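1. Give the three-dimensional model of this entry:
(2 chains)
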There are 2 protein chains.
Amino acid sequence: MSSNNLCYEENGWQTLKNHVEKINLPENHIKHLLTKKNRFNKFSQKGGGLFYDYSHQRLDDIAFIDLVNLAKSLKIKNLFNSMKMGETVNQSENRSALHTAARHFGNTPIYCKGKDVMPDIRRVLNEIKAFSRAIHNKEIVGSTGKPFKDIVVIGIGGSCLGPEFVSKALKAYAVSGMQLHYLSNVDIHNFGAIVSAIDPESTLWVAISKSYTTPETTANTLQAYDFMRSKGLDPSRHFVAVTSKGSPGDDPSNPMLKVFHMFDFIGGRYSVTSAVGGVPLSLYLGYDVFERFLKGAEEMDIHAAETSPEENLPMIAALISIWNNNFLGYGAQAIIPYASPLSRFAPHIQQLYMESNGKSVTKNGDFFKEDTGVIIFGEPGTNAQHSFFQLAHQGRPFPVEFIGVVNPQYNQYNSMSKGVTNHQELWANMMAQATALAVGKKDEENPAKHFSGNRPSSTILLNDLSPENIGRLLSFYEARTVYEAFIWDINPFDQFGVELGKKTASGIREEMVKRNENSSHKFDHLDDISKYYLETLFSGKI
Amino acid sequence: MSSNNLCYEENGWQTLKNHVEKINLPENHIKHLLTKKNRFNKFSQKGGGLFYDYSHQRLDDIAFIDLVNLAKSLKIKNLFNSMKMGETVNQSENRSALHTAARHFGNTPIYCKGKDVMPDIRRVLNEIKAFSRAIHNKEIVGSTGKPFKDIVVIGIGGSCLGPEFVSKALKAYAVSGMQLHYLSNVDIHNFGAIVSAIDPESTLWVAISKSYTTPETTANTLQAYDFMRSKGLDPSRHFVAVTSKGSPGDDPSNPMLKVFHMFDFIGGRYSVTSAVGGVPLSLYLGYDVFERFLKGAEEMDIHAAETSPEENLPMIAALISIWNNNFLGYGAQAIIPYASPLSRFAPHIQQLYMESNGKSVTKNGDFFKEDTGVIIFGEPGTNAQHSFFQLAHQGRPFPVEFIGVVNPQYNQYNSMSKGVTNHQELWANMMAQATALAVGKKDEENPAKHFSGNRPSSTILLNDLSPENIGRLLSFYEARTVYEAFIWDINPFDQFGVELGKKTASGIREEMVKRNENSSHKFDHLDDISKYYLETLFSGKI
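-> Here you go, the predicted structure:
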């Protein structure tokens, strides 16, 4: 029997189920919960450098205590610490999950299968520091002597979305003149648009792939090599790789400016603070900014590992997420940062969370009795208010996580409109949305103007968009994600669900290869549908 | 009694409900449906210039016929034609919904409240044509004599997302040297990042707002005016407006290079083919490209209005969407274009669909008995495969709409990897995902590698990313959206759900104004939560 499915009977899951009926009573509408004494004081916390407000959740004192008790009885804080100490928490792949070690600045060793991983991690960090400085000091330049100014990351999924989010969030810190591009999609439009925008002589390509066999990354790397050669440039002097030791990218017969190692104990979607993020972000922002980002993440890691459940921000967020999902029945969550530089934050968390927790099977191989991960989506506010918030207010409800930034950059642009600065207008809207969703407004005369309210949200506040705060925010969501998985007893570190599509694509690719090699190859032995698509592709016409 | 709620009893809704049990039987798993004779032939259609494949839906012959009968009995094709002919289909606001008139190139008049709207529409189109040509020919230049090369759209929601999607989709057609920027968010980071990237002397600002009172757009316009003045430039020679006749933006005492009119019979989220899209897109792409885009949209409008339900692509898509939502219980849908230039397509459709159909009340003021609009989200493939597709395959299922492009741009980059071009690899993946989601794979030994399959998808094919095809795709989704609303009998053209947040923000703004005017103004009379946020904002520290 699964240890997890135990939680139904023994660890308080059923107690919480029983409480749903009470929360659904009209007197427990959020507008009433908000009037309870000390509501805000009890349902908000500061920790790890962030502020987290969950006063607008459909949560009363009893539900909160029951959720905390669930966390305690499942000993998820111990699991988190086991993960952080290097235990083999990714059992299906027989690996540790040591993304937290990538930002461990303490002196203690961290053992993975009996070996301290810290010397390797520090060696790679020092290599990144030295290399990025040599690029910025123009000690390493392109093959024609021009300094590097266009960095193109070739990588997909975890090798793109995390660095993309962070580089956009910290754009204000970018090294002057440096541009960062992301070549992720195998779609040739992605490649074509980038090579139209770069100066090849000043371009440094950063190929990122743990195995160095990811089809998209292999195809794009090949295009890039051929493109550089077509410009009369030596690719080996314009390329670096981030890959596993001994992979095809780490092959001395394929010379490059530098190869940085990544490790099998850090999975793709958790790899922003490893060399995967470290190389492009240090090139784009400078190593010092990257190190500040790591230190912020470390602070939240420590908070997540050491703080008691009642005051543990990512654990509380995980419990609330599960409450909204498995108990109140919301199948989706929105992340709405009131900060344009966080425009790629939701897509990163969408990957982090949905790839980690979009599973049905517990570690012991039992099907979990309920749905696990939800759909995550989001766009920045106020933009989202003018887009899909009609549905959030009057259609199918979904919980929202607002993210606010107390101090903006660009304070020099301080013209006032309607008596407030742009930043104040932004905050007025962020505050108003949480209230309007929760409280609603009766309109008995015109049902089309009736707002039922009782729509839950949380708000996370950052003091500013500093590298440290972006690190804290990242670590908060990473910890929240694994805490949810620990409650369900699923493995948030594997991703077997992507394998079938890959395998099916291989079979189709083989048919294409045959046709490329022999233009009279027919697809008649295939099913109608495959045949139609393949013939359409090769004929060029629907 | 609502005409719509009739559909429960009289129009076949219950017949469909009864059929769900049958569809849920193991023998109706999609993998079995796919083996039925003529499956692909029966469940795919070409029309309006696009190809639409719904063979991988959880749909059998009976369900399809019952859905078509529902559409027929509700006479939604008549409703669509009424809309197109100018009837007051937006009853709550006493307006027509004539986005289709914006791309009507026929000679017939279109009457709205007794007046033919076509002369005004043609006048504005001619103004856009003349103005954009004068900009491209450098007959109109900036106040210091420099040609315009940076176009900044100031607009939010419908005044941004549509033009943004189209400009990215058609980037390959951009007028040489022209850059297009979007200043939508009131967040000062959006403004700061744009003014860091433009040359003010070569910048043309395009303020888009029907009422010209949208707070975000007003605030950003003010910042832009002050910025231009601070650079010693005359804003009136660097600004145009797209707004309603007689709005504060259409005021001769506030001179501008040009004011283009928009009309109250085209709502924001349906306005891409009006001057809202016309001005920025003609400046960025040239008027001729914009006109080709309109002509593609017109072709699909005609298909949507005139084709019988059995062969009507957007109507079938609407019926399938409702089948998946109200009958099979999926609360979200993904849009996955296998085309990087369509990276902002899902956010546009997210707005179009969720703002149109995120409602609970029918036109007659009754609460609809079931949920209406679903959550729409998406990212391009193959990127999405490396992000949230784990959940799509093994977690909570949701229907997917794939979009494929037969002929890519950038055919000059044709290096082969694994024996195929990048574009072929892209297609192999797109085809594979639809199959893998539908068919699944049994794994009795290892449940973590078991794929249940039976996960529905459709695929839309475009011949290429031409302006015409982008117009067809847009019109397909616009028609699909209103067809769904017509089935539910909700009004897809109003958006009362955004009002409460606006009103609540006004109250908060007033408090901020008081503090700005008097630094000793306290927030003690407010609730704990508002007080905390306001004090935090003004103190600058969480």
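2. neighbours of whichever residue of the stretch 401-542 of chain A sits closest to chain B, just the number please.
-> Of all residues in the stretch 401-542 of chain A, A:Tyr410 sits closest to chain B, with a separation of 3.1 Å (C-beta to the nearest C-beta). In short, each C-beta sits where N, CA and C put it, glycine included. Taking other C-beta atoms under 10 Å in any protein chain shown as the criterion, the count of residues near A:Tyr410 is 19.
3. ditto for A:Lys75
-> Here the number of neighbours of A:Lys75 (other C-beta under 10 Å) works out to 13.
4. rewinding a little: please confirm that the residue of the stretch 401-542 of chain A closest to chain B is located within a helix.
-> No - when the secondary structure is assigned by DSSP: H, G, I helix; E, B strand; the rest coil, A:Tyr410 falls in coil instead of a helix.
5. where does it sit relative to B:Phe538, distance-wise?
-> In this structure, A:Tyr410 and B:Phe538 are 18 Å apart, going by C-beta to C-beta, to the nearest Å.
6. before we move on, what about A:Pro456?
-> When distance is defined by C-beta to C-beta, A:Pro456 is 27 Å away from B:Phe538.
7. related to what we said a few turns ago, what separation do you get for the residue of the stretch 401-542 of chain A closest to chain B and B:Met430?
-> Here the criterion is C-beta to C-beta. By it, A:Tyr410 lies 41 Å from B:Met430.
8. What of A:Ala224?
-> Remark: distance between A:Ala224 and B:Met430 (C-beta to C-beta) = 23 Å.
9. And for A:Lys231?
-> Using C-beta to C-beta, one gets 31 Å for the distance from A:Lys231 to B:Met430.
10. so where is chain A shaky, pLDDT-wise?
-> Per-residue confidence of chain A (counting by pLDDT under 70) places the weak regions at A:1-10.
11. In it, what residue spans correspond to strands?
-> Under the criterion DSSP state E, chain A contains strands at A:44-47, A:50-53, A:111-112, A:115-116, A:150-154, A:179-183, A:203-208, A:239-244, A:258-262, A:332-337, A:375-377, A:400-407, A:457-464.
12. and A:Pro456 and B:Phe538? which has more neighbours close in?
-> In terms of neighbours (other C-beta under 10 Å), A:Pro456 is the more surrounded of A:Pro456 and B:Phe538; the figures are 24 against 17.
13. How about the contacts made by the more buried one?
-> Applying C-beta atoms under 8 Å, 6 or more residues apart in numbering or on different chains, one finds that A:Pro456 lies in contact with A:30, A:56-59, A:324, A:328, A:330, A:397, A:399-400, A:437-438.
14. Please give me every residue in contact with the closest residue to A:Ser452 other than its chain neighbours.
-> The shortest distance from A:Ser452 to any residue that is not its chain neighbour, by C-beta to C-beta, 6 or more residues apart in numbering or on different chains, is 5.2 Å, and that residue is A:Gly440. By C-beta under 8 Å, 6+ apart, the contact set of A:Gly440 is A:Lys31, A:His450, A:Phe451, A:Ser452, A:Gly453, A:Asn454, A:Arg455, B:Leu500.
15. try A:Glu425
-> By C-beta under 8 Å, 6+ apart, A:Glu425 lies in contact with A:Ser417, A:Lys418, B:Val186, B:Pro215, B:Glu216, B:Ala219, B:Ala505, B:Arg509.
16. quick one: which of those has the most company?
-> By neighbour count, taken as other C-beta under 10 Å, the most surrounded of the contacts of A:Glu425 turns out to be B:Val186 (33 neighbours).
17. Could you verify my assumption that A:Ala334 touches A:Gly378?
-> Yes - under the criterion of C-beta atoms under 8 Å, A:Ala334 makes contact with A:Gly378 at 4.8 Å.
18. Overlap in contacts, the two.
-> Common neighbours of A:Ala334 and A:Gly378, counting by C-beta under 8 Å, 6+ apart, are A:Ala346, A:Ala384.
19. and A:Asn137, how far is that from A:Val240?
-> Note on A:Asn137: its distance to A:Val240, by C-beta to C-beta, is 16 Å.
20. more crowded one of those two?
-> Counting neighbours by other C-beta under 10 Å for A:Asn137 and for A:Val240 shows that A:Val240 has the greater number, 23 against 9.
21. pretty sure that one contacts A:Thr221?
-> No - the criterion here is C-beta under 8 Å, and A:Val240 misses it with A:Thr221 at 11.6 Å.
22. what sits in contact with each of the two?
-> Any residue near both A:Val240 and A:Thr221 by C-beta under 8 Å, 6+ apart counts here, and that gives A:Trp205, A:Ala207.
23. tell me the contacts of A:Met300?
-> Under the criterion of C-beta under 8 Å, 6+ apart, the contact list for A:Met300 reads A:Gly48, A:Gly49, A:Leu50, A:Leu313, A:Pro314, A:Gly471, A:Arg472, A:Ser475, A:Phe476, A:Ala479.
24. Recalculate using a threshold of 7 Å.
-> Contacts here follow C-beta atoms under 7 Å, 6 or more residues apart in numbering or on different chains; on that basis A:Met300 touches A:Gly48, A:Gly49, A:Arg472, A:Ser475, A:Phe476, A:Ala479.
25. now swap in A:Ala101 and tell me
-> Neighbours of A:Ala101 in contact, by C-beta under 7 Å, 6+ apart: A:Ile110, A:Val117, A:Met118, A:Ile121.
26. possible to save those as JSON lines with distance to chain B and neighbour count?
-> JSON lines is the format used below for the contacts of A:Ala101 (distance: C-beta to the nearest C-beta, whole Å; neighbours: other C-beta atoms under 10 Å in any protein chain shown):
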{"residue": "A:Ile110", "distance to chain B": "27", "neighbour count": "19"}
{"residue": "A:Val117", "distance to chain B": "25", "neighbour count": "21"}
{"residue": "A:Met118", "distance to chain B": "29", "neighbour count": "19"}
{"residue": "A:Ile121", "distance to chain B": "24", "neighbour count": "23"}
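27. Considering these, which is situated nearest to A:Ile487?
-> The shortest separation between A:Ile487 and any of these is 24.6 Å, and it belongs to A:Ile110 (by C-beta to C-beta).
28. how's chain A carved up into domains?
-> In terms of domains, chain A is parsed into A:6-73+A:307-409+A:416-494, A:99-292, A:499-539 (source: automatic domain parsing).
29. buried ones in stretch A:522-529?
-> Neighbour counts using 16 or more other C-beta atoms under 10 Å in any protein chain shown place A:Phe523, A:Leu526, A:Ile529 of stretch A:522-529 among the buried residues.
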